[in-house]
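Q: Curious how this folds, go ahead:
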Amino acid sequence: MRIVVSPHNVVNYPPGGGHFWVYMQYVDGLRRIGCDVWWLEEFRRSGDAAEEESRVAILRQRLARFGMDDRIILYAEDGEFVNCTASHAQQVFRDADLLLNFHQRMNARMLEQFRLTALVDIDPGLLQYWITSGLLAVERHDLYFTTGETVGKPDAKFPDCGLQWIQIRPPVSLDLWPRLSAPIDRRFTTVSNWWGHEWVTDDEGVHDNNKRTAFLEFAELPRHTRVPLELALLLDPKDASDVADGEMLQREGWRVRHAHDVAGSPQDYRTYIQGSRGEFSCAKWSCMKFQNAWISDRTLCYLATGRPAVVQDTGPSAIFTGERGLLRFSTLDEAAAALDEAEAHYELHARAARELAELFDARRVAETIVRHAGARPMAAQR
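A: Below you'll find the predicted structure:
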């Protein structure tokens, strides 16, 4: 089966080592079950030829590590193909059995070149909010996959947009993320944005949905636990507010590093997680508001490596009970207690972490996607 995967903003954001892995987990899972996978992405023109060539070269180099450097198709906003001829790209599209699309704003002109299209929702709750609020217009697809446990369910706290959602689990490649023994470094870490320029409006007003707000609520956490804590954040050294935030966190006892310094490539990102004792992280306000049982793709990388995770509770989950491997919190005291528990019974939680990750095996997720795509009646396909 030939599947064209369409990530979003990978080639345009070379320092995003973790962002690359979001999509590579899907690509790797599909390839391991025998699919012929191609990488299709919209390329943003900058007007600087050298800079553009560098971005293409970086993506090609990174995909070469996975045997994918000859399976890349990049196109500009005007539809012009960047790294190949139009005839070559169109032949790949004609031969494809499925477009697995993560680019929510892909235009109809591109979608219509495929026989079968599937949108993948990796922002459960938020995507549905954006659509119903008129903030995002998504072109029609044939299938709609979501990584949200509650999307489309009767008890969901957000609309389903009138679409039939197919639940899949966010994948992690267990082969690319093997379990490793505990590192010497004892810090619980995470990699995170700080500002996403994101706000959510409801009947109660406008809510700050940036990770900054979430972390600041727990700023004094290092004072309540003996577990060393580190944040790798996208702080702008030229922004006075970001500098002040970083200095404040350090005064509270956090070690603060720049995300690009420790996770600026896929290899560095993996090395950083493997070198961590575990993860501590907060979630966006919307995750608690929507109670979407959200789990980060980053957290799954920690779990697969055998690193316990202490993360903010995003609602009832059929998978995460909060007992072993992944401990969830809502308050400052709960966060401190969870960190202390993870450290006190580290090997127990490390084993459980890997066992949890195995429930998100990229192969199984890929099989689910292929099964639903293959079951689609031909008459309904383009």
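Q: tell me the contacts of the residue nearest to Ala366 when sequence neighbours are not counted?
A: Residue nearest to Ala366 in three dimensions, not counting chain neighbours: Gly29, with 3.7 Å by Cβ to Cβ, 6 or more residues apart in numbering. Placement of C-beta: from N, CA and C, glycine included. Shown in contact with Gly29 (Cβ atoms under 8 Å, 6 or more residues apart in numbering): 171, 173, 361-366.
Q: Could you say which helix or strand holds Gly29?
A: Using DSSP states H and E, Gly29 maps to helix 17-32.
Q: from the chain's centre, how far out does that helix sit?
A: 10 Å (Cα atoms, centre = their mean, to the nearest Å).
Q: what's the following helix or strand after it?
A: strand 36-43.
Q: Walk me through which strands that following strand pairs with, and which way each runs.
A: Strand pairing for strand 36-43, using DSSP bridges, gives strand 2-6 (parallel), strand 72-76 (parallel).
Q: Just the buried residues of the helix-or-strand element of the chain with minimal mean pLDDT, please?
A: Least confident helix or strand of the chain, by mean pLDDT, DSSP states H and E, is strand 199-202 with a mean of 87. Buried residues in strand 199-202, defined by neighbour count with 16 or more other Cβ atoms under 10 Å: Val200.
Q: Check which helices and strands it sits against.
A: strand 205-208, helix 285-290 (3 or more Cβ pairs under 8 Å, 6 or more residues apart in numbering; DSSP states H and E).
Q: tally of neighbours for Asn193?
A: 17 (other Cβ atoms under 10 Å).
Q: pretty sure it contacts Ala232?
A: No: the pair Asn193 / Ala232 is not scored as a contact, 10.6 Å apart, by Cβ atoms under 8 Å.
Q: pretty sure Ser133 contacts Asp202?
A: No: using Cβ under 8 Å, Ser133 is not in contact with Asp202; the gap is 9.6 Å.
Q: Please enumerate the strands of the stretch 1-150 of the chain.
A: 2-6, 36-43, 72-76, 98-101, 117-121, 143-146 (DSSP state E, counting those that start in this stretch).
Q: now the ones you listed as CSV including distance to Leu332, mean neighbour count and mean pLDDT?
A: Putting the strands of the stretch 1-150 of the chain into CSV (distance: least, Cβ to Cβ, whole Å; neighbours: other Cβ atoms under 10 Å; pLDDT from 0 to 100) gives the following:
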stretch, distance to Leu332, mean neighbour count, mean pLDDT
strand 2-6, 40, 21, 98
strand 36-43, 41, 21, 98
strand 72-76, 46, 18, 97
strand 98-101, 40, 27, 99
strand 117-121, 31, 24, 98
strand 143-146, 31, 23, 98
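Q: can you list those strands in CSV and add distance to Arg55?
A: Compiled in CSV, the strands of the stretch 1-150 of the chain are given as follows (distance: least, Cβ to Cβ, whole Å):
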stretch, distance to Arg55
strand 2-6, 17
strand 36-43, 8
strand 72-76, 9
strand 98-101, 21
strand 117-121, 23
strand 143-146, 28
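Q: Of all the ones you listed, which one is nearest Asp313?
A: strand 143-146 (20.0 Å; Cβ to Cβ).
Q: how about the helices in the stretch 51-200 of the chain?
A: 86-95, 108-111, 126-132 (DSSP state H, counting those that start in this stretch).
Q: most tightly surrounded among those helices?
A: Mean neighbour count (mean count of other Cβ atoms under 10 Å) peaks for helix 126-132 among the helices of the stretch 51-200 of the chain, with a mean of 20.
Q: Point out the other helices and strands that that one packs with.
A: helix 285-290.
Q: any idea of the mean pLDDT in the helix it packs on?
A: Averaged over helix 285-290, pLDDT sits at 95.
Q: downstream neighbour of that helix in the secondary structure list?
A: Criterion used, DSSP H and E; the element after helix 285-290 is helix 297-304.
Q: what is the mean pLDDT for that next one?
A: In this model, helix 297-304 has a mean pLDDT of 99.
Q: Mind listing the strands whatever helix or strand comes next after it pairs with, and their directions?
A: Following helix 297-304 in sequence order, the next helix or strand is strand 309-312 (DSSP H and E). Using DSSP bridges, strand 309-312 pairs in its sheet with strand 278-281 (parallel), strand 326-329 (parallel).
Q: Make TSV from the ones you listed and add distance to Glu77 and mean neighbour count to it.
A: Listed next are those as TSV, based on distance: least, Cβ to Cβ, whole Å; neighbours: other Cβ atoms under 10 Å:
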stretch	distance to Glu77	mean neighbour count
strand 278-281	34	27
strand 326-329	40	24
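Q: okay, the ones you listed in CSV with distance to Arg140 next?
A: CSV is the format used below for those (distance: least, Cβ to Cβ, whole Å):
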stretch, distance to Arg140
strand 278-281, 35
strand 326-329, 36
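Q: got those as CSV, with distance to Asp261 and mean pLDDT columns?
A: Below are those laid out as CSV (distance: least, Cβ to Cβ, whole Å; pLDDT from 0 to 100):
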stretch, distance to Asp261, mean pLDDT
strand 278-281, 18, 99
strand 326-329, 27, 98
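Q: for the ones you listed, which one sits closest to Phe158?
A: Nearest to Phe158, of the strands paired with strand 309-312 and by Cβ to Cβ, is strand 326-329 at 20.4 Å.
Q: which stretches of this protein have low pLDDT?
A: For the chain, the stretches with pLDDT under 70 are 375-382.
Q: What helix or strand is Gln250 located in?
A: Per DSSP H and E, Gln250 falls inside helix 240-252.
Q: Give me the contact list for that helix.
A: 194-195, 212, 215-216, 219-223, 231, 233, 235-237, 256.
Q: domains of the protein?
A: Domain assignment for the chain by automatic domain parsing gives 2-171+361-380, 188-360.
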